[in-house]
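Novice: Make a model of this:
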Amino acid sequence: MNQAHEGSYNSYMTTRVVPPARAQETECNSRTQASDAGLAFRNYFFVINPASGSANVERLQSYVQEKAGRLGKTVNFHRLQPSDDLPCVMEEAARNGAEVFVAAGGDGTLAAVATEARRLGKAFGVIPSGTANVFAAEHMIPKGIEDAVDLVLEDGALEPVDLVVVDGKTFLCHVSVGTYSWITTTTPQHAKKRFGRIAYLWNAVKLLFKERIWTFELEVDGQKMMRRASTIMVTNAGSMGATGLRWGDNIRTNDGRLEICIIRARNFRHYLSLLWSLVTRKPHHPLKEYAFVQRSASIKGPAHLPIRADGEEIGYGQFHLRVEKHGLGVLMPPDARQNPNLH
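Specialist: So this is what the prediction gives:
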């Protein structure tokens with residue numbers, strides 16, 4: 001179910017419904033031309049996570065149905081449940097003609113739906129309703145339900161993004177191990193839903209007073225290294241989920257590489273210094289180092305450390321990842337092409 005779908009970005013281009021005046025554009029295989037081809041999708045499948053931080057399912061479905069009715073488009077909905085076999089749900093949707101898979105939820109929900117969109121060769125849309133909404137912020141996707149729906153159903157341009165693939169599963173933004181993942185793992189779901197980002201900050205303050213640093217073994221594109229670090233953060237998206245703060249200024253979601261941010265902060269004073277370097281966007285070589293992944297990487301730390309990917313716990317201790325360049329086509333604002341995070 002989680003095998004890589006090679007060439008998935010081009011495969012769904014042929015399933016689009018294109019107005020007669022632009023029929024000849026269906027012969028166009030380049031990604032640039034595909035993003036300019038009118039985006040005449042007609043069949044959408046919305047996967048909604050009712051447990052996400054700011055979900056309003058009834059309002060979302062009502063507006064989608066109203067908007068789709070005016071545009072003459074077909075929409076279907078699926079509300080996520082813990083017992084769902086999402087690959088089977090998405091396969092059935094694809095057999096029924098779905099051209100675009102739309103995820104309504106946080107970054108974890110987006111990653112789960114993106115995994116199936118990539119595997120089945122479908123376009124991907126986003127309705128951000130999580131706590132941090134990193135992927136949406138990185139691509140100028142609006143937070144408001146109505147604006148996000150308008151983008152998906154009518155106004156969006158299809159742009160390629162890179163993917164992080166861990167054990168066959170697709171992730172869009174971050175994979176981390178260490179203090180950062182510990183903070184997000186130990187923040188209760190009910191607190192995230194009630195307090196949003198403040199819940200993470202409160203938990204962080206409690207943990208950062210405890211000195212934590214570990215030894216990690218890294219292999220990056222065949223090169224081995226050892227590092228002492230408090231957090232190893234693999235980034236495809238630079239945003240930290242907080243306004244103005246980024247893991248680095250040269251992190252792009254479509255440049256064909258990932259950045260590994262190695263953080264060596266071990267006490268509260270270090271973290272304050274690191275925060276200042278992030279706010280001022282200045283390097284902090286003693287506490288922060290970068291490595292770049294073009295193909296694949298393995299990271300191994302203590303077996304008890306949780307690994308987080310796009311807000312979800314995916315394992316402990318060690319993981320292997322690979323880069324899939326331009327592995328997914330995403331509906332985003334047309335002016336996102338001028339977004340420096342994409343170039």
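Novice: CA only for contacts and neighbour counts going forward, please
Specialist: Fine.
Novice: Quick check: next helix or strand after the one helix or strand Tyr63 maps to?
Specialist: Element membership for Tyr63 (DSSP states H and E) is helix 57-71. Heading C-terminal from helix 57-71, the first helix or strand you meet, by DSSP H and E, is strand 74-79.
Novice: Could you tell me the angle between that following strand and helix 57-71?
Specialist: On the basis of axes from the mean of the first three to the mean of the last three CA atoms, to 10 degrees, strand 74-79 is oriented at 170 degrees to helix 57-71.
Novice: for the record, mean pLDDT for the following helix or strand past strand 74-79?
Specialist: Per DSSP H and E, the first helix or strand lying C-terminal to strand 74-79 is helix 86-95. Here helix 86-95 scores 97 as its mean pLDDT.
Novice: about what we covered before: which other helices and strands contact the helix holding Tyr63?
Specialist: strand 74-79, helix 145-150 (3 or more CA pairs under 8 Å, 6 or more residues apart in numbering; DSSP states H and E).
Novice: Nearest to Thr115, out of these?
Specialist: With CA to CA, the closest approach to Thr115 among the helices and strands packed on helix 57-71 belongs to strand 74-79: 16.2 Å.
Novice: Show me what counts as buried in that closest one.
Specialist: Neighbour counts over strand 74-79 (16 or more other CA atoms under 10 Å) mark 74-75 as buried.
Novice: just the CA coordinates of that strand, formatted as CSV?
Specialist: Only the C-alpha atoms of strand 74-79 are listed here, as CSV (Å, rounded to 0.1, in the frame of the first residue of the first chain):
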residue,chain,number,x,y,z
THR,A,74,-18.4,17.0,-7.9
VAL,A,75,-17.2,16.8,-4.3
ASN,A,76,-17.3,13.9,-1.8
PHE,A,77,-16.2,13.9,1.8
HIS,A,78,-14.7,11.4,4.2
ARG,A,79,-14.4,12.2,8.0
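Novice: That one: partners in the sheet, and parallel or antiparallel?
Specialist: strand 43-48 (parallel) (DSSP bridges).
Novice: how far off helix 86-95 does the partner strand point, in degrees?
Specialist: Counting by the same axes, to 10 degrees, strand 43-48 lies at 160 degrees to helix 86-95.
Novice: Counting by contacts, list what the one helix or strand Glu313 maps to packs against.
Specialist: Element membership for Glu313 (DSSP H and E) is strand 312-316. When contacts are defined as 3+ CA pairs under 8 Å, 6+ apart, strand 312-316 sits against strand 306-309.
Novice: Can you spell out which helices and strands pack onto the strand it packs on?
Specialist: Checking 3+ CA pairs under 8 Å, 6+ apart, strand 306-309 ends up next to strand 174-178, helix 179-185, strand 312-316.
Novice: and those, which one is worst for confidence?
Specialist: helix 179-185 has the lowest average pLDDT among the helices and strands packed on strand 306-309, namely a mean of 63.
Novice: Could you measure from Ala68 over to Leu60?
Specialist: Relative to Leu60, Ala68 is positioned 12 Å away (CA to CA, to the nearest Å).
Novice: list the residues that contact both of those two?
Specialist: Residues touching both Ala68 and Leu60 by CA atoms under 8 Å, 6 or more residues apart in numbering: none at all.
Novice: show me what contacts the residue nearest to Pro160 when sequence neighbours are not counted?
Specialist: Distances taken as CA to CA, 6 or more residues apart in numbering place Gly329 nearest to Pro160, at 4.5 Å, with adjacent residues excluded. Neighbouring residues of Gly329 by CA under 8 Å, 6+ apart: 9, 122-124, 158-161.
Novice: Gly329 looks like it's in a strand, true?
Specialist: Yes: counting by DSSP: H, G, I helix; E, B strand; the rest coil, Gly329 falls inside a strand.
Novice: ok, and the closest non-adjacent residue to Phe216?
Specialist: Using CA to CA, 6+ apart, the nearest residue to Phe216 is Gly301, at 4.6 Å.
Novice: what's near enough to touch that neighbour?
Specialist: Contacts for Gly301 (CA under 8 Å, 6+ apart) come out as 177, 214-217, 317-318.
Novice: change it to 10 Å
Specialist: By CA atoms under 10 Å, 6 or more residues apart in numbering, the contact set of Gly301 is 177-178, 214-218, 227-229, 232, 307, 316-319.
Novice: And those, which is the shakiest by pLDDT?
Specialist: Gly178 (85).
Novice: Okay, and the beta partners of that residue?
Specialist: For Gly178, the beta-bridge partners are Thr231 (DSSP bridges).
Novice: wait, isn't it in contact with Ala265?
Specialist: No: using CA atoms under 10 Å, Gly178 is not in contact with Ala265, being 11.1 Å away.
Novice: shared neighbours, these two?
Specialist: 212-213, 229-231.
Novice: circling back to that earlier point, restricted to strands, list the contacts of Gly329.
Specialist: 123-124, 158-161 (DSSP state E).
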